[in-house]
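# the following comprises the amino acid sequence and a computationally predicted model.
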Amino acid sequence: MNDFRETLYTVDQKGNRKWVYAVELWGFFRRARTATACLLLLFYVSLPWVTIDGAQAVLLDIAHRRFTFFGQTFWATDTKFLFLLLVTLGLSLFFFTALFGRVWCGWACPQTVFLEFLFRPIERLIEGNAQARRKLDQAPWSLAKARIKFLKYFIFSLIAWFLASTCLAYFIGRQPLLEMMGDYPWHNLSTFLLTLFLMGVLLFEFGWFREQFCTVICPYARFQSALMDDSSLLVGYDRVRGEPRGKAKDGSNGDCVDCGLCVRVCPTGIDIRNGLQLECIQCAACADACDSVMVKIGRPSGLIRYETEKGLAGKPTRFVRPRLIVYGALLCLLVSLLGYSLKNREFSEVVILHPSRDVLFTKLPDGKISNHLELSISNKSDQNRSYSVSIQDFPSILATMPISPFPVAANSRQKAPLFLSFPGDLLIDGKRAIKIVVRDDAGFEKVLEVNILG
C-alpha cells in the first residue's frame, strides 16, 4: 500500500466509513493492559465516593470556584498552582512521549480504556466475535437483528448514564447528586438535562464514533512526530527479519508469513508493517497476534515488538539524549517548584479595599478623621481561624473592627468592616500611606499598604 500515509484505513475511496471489526486475541500485552484498565476504571468510578479529611477526594466545585484534590482545597485565587500543574503536565507529555512514544494512548487514555475494556467486551458478549458482528451488520434488518441491536444499545445507554452521573459527581458533589437523583427530574431540570447530554455524548462516542476519535479528532497523533525521534519507543515491525513475506520458509522469504492477523486485531484497522503511522495507538495487539503465530510455526517471537526505529534497523539506541536531558531537567525543576509551593502554601488571604459606594472619609466630633475600609478574608484551611488587625509605625491611628479578633470559618471567605480614626495633621496633601498588619491565630501574618484619606 503506497499511499497509506495520505489515506485513512477507516475511510474508503468514496469517503465512506469502513467499520473496524477487531479480532480479540489474548496475549501478554492484552492481559497487562486489561489489568491496567480495570484499575483505571475502578479509580474513576470510586474516586468521588472516597473521603479524605472529611471531604470528597476530588471535587471541582465550579459554582463556588473551588477545587478539592486529595485533602487539599484550592480556590480561584490559587492560579499559580494551576499554572505550575498544567505546565508540569505538558512537559511530562513531552518527556514521556520522547521516551516511551504513544504509550498513553494504548494503555491509559480514557478513550481506549472505556472503548476497549468496557463497551467492546459487552458488544462481543451480545453480538459475537468479529466475523459474527460483521455478518450481523451486513444482514438486512429483521426482528432478530433489531432485538440484538436494541439489547446492546440499551446496555450501552445504562453504562453511559452511569458514567455521566459519575462525571457529574466530580463537579457538583456526590451528596447533592444523590439528592437530585432521588427527586423529580423537573426539580433539578438543568442537572437532569446535563446528565442526558453527557449520556448522549458517551453513547455516540463509544457506540458509533469510536476509533475515529483517535484517527480524525485527537491532535496528539498529529504532533507526535515533533515529540518523538528515532530513539523513542514504539510498536514496530522488524522489516529486516520479516521481509520478503511468504507462506513457506525457504532461502528467499523472511519470518512474516503474511497471515494478516496483525491487521485483523488492530483496533484502528492499520497494517503495522507499513511503519510508523498516526493511527497507531501502541496498544501492542499486533505484537500479541504476531507472537501467537510465531509460536505456532516454531519461529522466534518479537517480529512485531516494542522497539525504537534505530533498534528495528539494527542500530544502537541512545536512551540518554539531549532532548530527554532538557525535558527531564525542566520537569524536575517544575515538580520541585510545585512541591515547594504546596509545602509553603499560605492558607489565609487578605485584601483591603475602600468601599466603592461609601464616602471617602468622615470628620468626627472630636476633630479626628475616620476612614471606612473593608477586609476580605479568605480562610482556606480546614480549621476555624480568628484574625486581628494592627497599624504599623503609627500609634496615633486607632483600628476598630466589630469583633476582634474576627472569626472566619474553615474553607470560607468573609468580609469585615475596618474603621481607622486618626488626627488630621497626620495627612500630607490629603492622604498618607500606612501599613496594616493582619494576623491570625495560626501564625499567619501579612503586611498590607493602604492610603488613608482626609
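Yep, it's here.

# contacting residues for Leu278?
Contacts of Leu278 were listed using C-beta atoms under 8 Å, 6 or more residues apart in numbering, and they are 215, 221-222, 224. Placement of C-beta: from N, CA and C, glycine included.

# how about the secondary structure of it?
Three states are possible here, and by DSSP: H, G, I helix; E, B strand; the rest coil the one that applies to Leu278 is coil.

# re the thing from before, possible to save the contacts of Leu278 as JSON lines with pLDDT and secondary structure?
Shown next, in JSON lines, are the contacts of Leu278 (pLDDT from 0 to 100; DSSP: H, G, I helix; E, B strand; the rest coil):
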{"residue": "Thr215", "pLDDT": "86", "secondary structure": "helix"}
{"residue": "Ala221", "pLDDT": "78", "secondary structure": "helix"}
{"residue": "Arg222", "pLDDT": "80", "secondary structure": "helix"}
{"residue": "Gln224", "pLDDT": "77", "secondary structure": "helix"}
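
# now a ChimeraX select for only the buried ones of the residues you listed.
Per 16 or more other C-beta atoms under 10 Å, the buried members of these correspond to this ChimeraX selection:
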select :215,221,224
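
# the helix or strand harbouring Pro417 pairs with which strands, parallel or anti?
Applying DSSP states H and E as the criterion places Pro417 in strand 412-422. Taking DSSP bridges as the criterion, strand 412-422 sits next to strand 369-379 (antiparallel), strand 398-400 (antiparallel) in its sheet.

# the residue lying closest to Ile272 once chain neighbours are set aside: helix or strand, and which one exactly?
Sequence neighbours aside, Cys286 is the residue nearest to Ile272 in space, at 4.7 Å (criterion: C-beta to C-beta, 6 or more residues apart in numbering). With the criterion set as DSSP H and E, the secondary-structure element containing Cys286 is helix 285-296.

# which elements pack onto that helix?
Packing contacts for helix 285-296, counted by 3 or more C-beta pairs under 8 Å, 6 or more residues apart in numbering; DSSP states H and E, involve helix 28-46, helix 261-264, strand 304-307.

# who's in contact with it?
Contacts of helix 285-296 with the rest of the structure, by C-beta under 8 Å, 6+ apart, involve 22-23, 25-30, 235, 255, 257, 259, 261-267, 272, 300-306.

# which among the residues you listed count as buried?
If you count burial by 16+ other C-beta under 10 Å, the buried members of those come out as 22, 25, 27, 29-30, 235, 255, 257, 261-267, 272, 301, 303-306.

# with just CA atoms, put the lowest-mean-pLDDT helix or strand in the chain into PDB.
Within the chain, no helix or strand scores below helix 220-227, which has a mean of 80 by mean pLDDT, DSSP states H and E. These are the backbone C-alpha positions of helix 220-227, laid out as PDB (Å, rounded to 0.1, in the frame of the first residue of the first chain):
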ATOM      1  CA  TYR A 220      -1.900  14.100  19.800                       C
ATOM      2  CA  ALA A 221      -1.300  11.900  16.800                       C
ATOM      3  CA  ARG A 222      -0.600  14.900  14.700                       C
ATOM      4  CA  PHE A 223       2.200  16.400  16.700                       C
ATOM      5  CA  GLN A 224       3.700  13.200  18.000                       C
ATOM      6  CA  SER A 225       6.300  13.400  15.200                       C
ATOM      7  CA  ALA A 226       7.600  16.600  16.800                       C
ATOM      8  CA  LEU A 227       7.900  14.900  20.200                       C
END
